[in-house]
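S.K.: this is the structure alone, sequence omitted:
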Ligand SMILES: [Zn+2]
């Protein structure tokens, strides 16, 4: 194979309420050249490169800073800013930010209409994909990322990682990552069943993943759980910095999400991806 210079591409996204933007920075040409793309109209890829100054101005002018600026060789890993070696269940910022997360996809029945809903509401979300499911549905997997949602690692085949050794854990996470063909680095992982131990946490840290749990469990997968019940749980428990756990493989997912978005927006919350949440300074715990 012919040797060629490694092209560094940084994908990042920032949002305000009206114009989510996905930015691609390509430094393969002299000077930083930056292309702008409206994630909701991917065909409108700008022919005019923005200057880096314009990009910084734009990022300052919007609600959230660019979280992934510091990291991101194409196809590689990037450490989540502010990541800790422990686990993250919520990330209070004082800014009423909330992260919706969906596990076990992509799902051929639910993921598409869910993305349509989220997009029409201008709501970012994070999808924790299973590697083997992602590999079986490459177009859907690529679409999740093309539309600007965050993709996280939920292992290859959903084992309890605490029952595996270092090599087994690494293999589960690496195979899953390879199946995601992410244009942006996958920086967060959610352990199946929320099961983790010191070995799981260390391997994740070594591989550049933050271990993401949740503080609002909708229990949507339990038999007989209605959309109304899911909505009720979220509205009772969600607070600043909450990470909400749902699964995009159930008939309740879309109707529940629709109501959750409407109500939490009314309460003044802004939705972000997990990486965007972690890119914000965390409020320190109050001293007793
Ligand atoms: Zn799962």
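M.R.: Thanks, I have it. Since this is a predicted model, take the numbers as computed values, not measurements.
S.K.: check what pLDDT the closest residue to residue 201 other than its chain neighbours gets.
M.R.: Nearest-residue entry for residue 201: residue 211, 5.8 Å, with adjacent residues in sequence omitted and distances by CB to CB, 6 or more residues apart in numbering. No exception for glycine: its C-beta is placed from N, CA and C like everyone else's. At residue 211, the pLDDT value in this model is 96.
S.K.: parallel or antiparallel, which strands does the helix or strand hosting residue 211 pair with?
M.R.: Following DSSP states H and E, one finds residue 211 within strand 210-212. Strand 210-212 sits in its sheet next to strand 87-88 (parallel), strand 188-189 (parallel), going by DSSP bridges.
S.K.: pLDDT weak spots in the stretch 101-250 of the chain?
M.R.: 182-183 (pLDDT under 70).
S.K.: for the residue nearest to residue 201, give me its contacts.
M.R.: Taking CB atoms under 8 Å, 6 or more residues apart in numbering as the criterion, residue 211 is in contact with 86-88, 188-191, 196, 200-201, 204.
S.K.: same deal with residue 249?
M.R.: Contacts of residue 249 (CB under 8 Å, 6+ apart): 104-105, 107, 109-110.
S.K.: confirm it sits in a helix?
M.R.: No: applying DSSP: H, G, I helix; E, B strand; the rest coil, one finds residue 249 to be coil, outside a helix.
S.K.: what about the residue lying closest to it once chain neighbours are set aside, how many residues nearby?
M.R.: Nearest residue to residue 249, sequence neighbours excluded (CB to CB, 6+ apart): residue 107, at 4.2 Å. For residue 107, the neighbour count with other CB atoms under 10 Å is 21.
S.K.: and for the one 3 residues further on?
M.R.: Around residue 110 sit 21 other residues, with neighbours defined as other CB under 10 Å.
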